[in-house]
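K.L.:
Show me the folded form of this:
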Amino acid sequence: MLNPERIGRAAAWLRDAVERGAIKPQIDKTFPLDEIAAAHRYMESGQQFGKIIVLP
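P.N.:
Purely as a prediction, here's the structure:
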């Protein structure tokens, strides 16, 4: 994690894999930004299976 070059290569690989559809993030739930407290409570509850997304 201390090598910026390696982090850059890893980030590029990950971005490419997502764009190609080789990796598909599992999104559990989305929240609007004004419900950030609810999103945080949901995260702390441990109920999620996948990512919690907060949208502006």
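K.L.:
Return the residues in contact with the residue sitting nearest the centre point of the chain.
P.N.:
The centroid of the chain falls nearest to Lys51 when counting by CA atoms, centre = their mean (5.4 Å). For Lys51, the contact set (CB atoms under 8 Å, 6 or more residues apart in numbering) comprises 25-28. For glycine as for every other residue, the C-beta is placed from the backbone atoms N, C-alpha and C.
K.L.:
Could you list which of the residues you listed belong to strands?
P.N.:
27-28 (DSSP state E).
K.L.:
can you pick the most crowded of the contacts of Lys51?
P.N.:
Counting neighbours by other CB atoms under 10 Å, Asp28 leads the contacts of Lys51 with 13 neighbours.
K.L.:
Which parts of this protein are strands?
P.N.:
Under DSSP E, the chain gives strands at 27-32, 51-55.
K.L.:
out of the ones you listed, nearest to Leu2?
P.N.:
Leu2 lies closest, by CB to CB, to one member of the strands of the chain: strand 51-55, at 26.0 Å.
K.L.:
so for the helix with the most length in the chain, what's the average pLDDT?
P.N.:
The longest helix of the chain (DSSP state H) is helix 4-20. The average pLDDT within helix 4-20 is 94.
K.L.:
Give me the helices and strands touching it, please.
P.N.:
Helix 4-20 is packed against no helix or strand, with contacts defined by 3 or more CB pairs under 8 Å, 6 or more residues apart in numbering; DSSP states H and E.
K.L.:
Run the chain-centre distance for it.
P.N.:
14 Å (CA atoms, centre = their mean, to the nearest Å).
K.L.:
Not counting its own residues, what contacts it?
P.N.:
For helix 4-20, contacts defined as CB under 8 Å, 6+ apart pick out 1, 23-25.
K.L.:
Now for these: which two are most distant?
P.N.:
For the contacts of helix 4-20, the maximum inter-member distance is 24.9 Å, found between Met1 and Lys24 (CB to CB).
K.L.:
circling back to that earlier point, distance to Ala38 and pLDDT added to the contacts of Lys51, as JSON lines?
P.N.:
Converted to JSON lines, the contacts of Lys51 look like this (distance: CB to CB, whole Å; pLDDT from 0 to 100):
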{"residue": "Pro25", "distance to Ala38": "21", "pLDDT": "88"}
{"residue": "Gln26", "distance to Ala38": "20", "pLDDT": "93"}
{"residue": "Ile27", "distance to Ala38": "16", "pLDDT": "94"}
{"residue": "Asp28", "distance to Ala38": "13", "pLDDT": "97"}
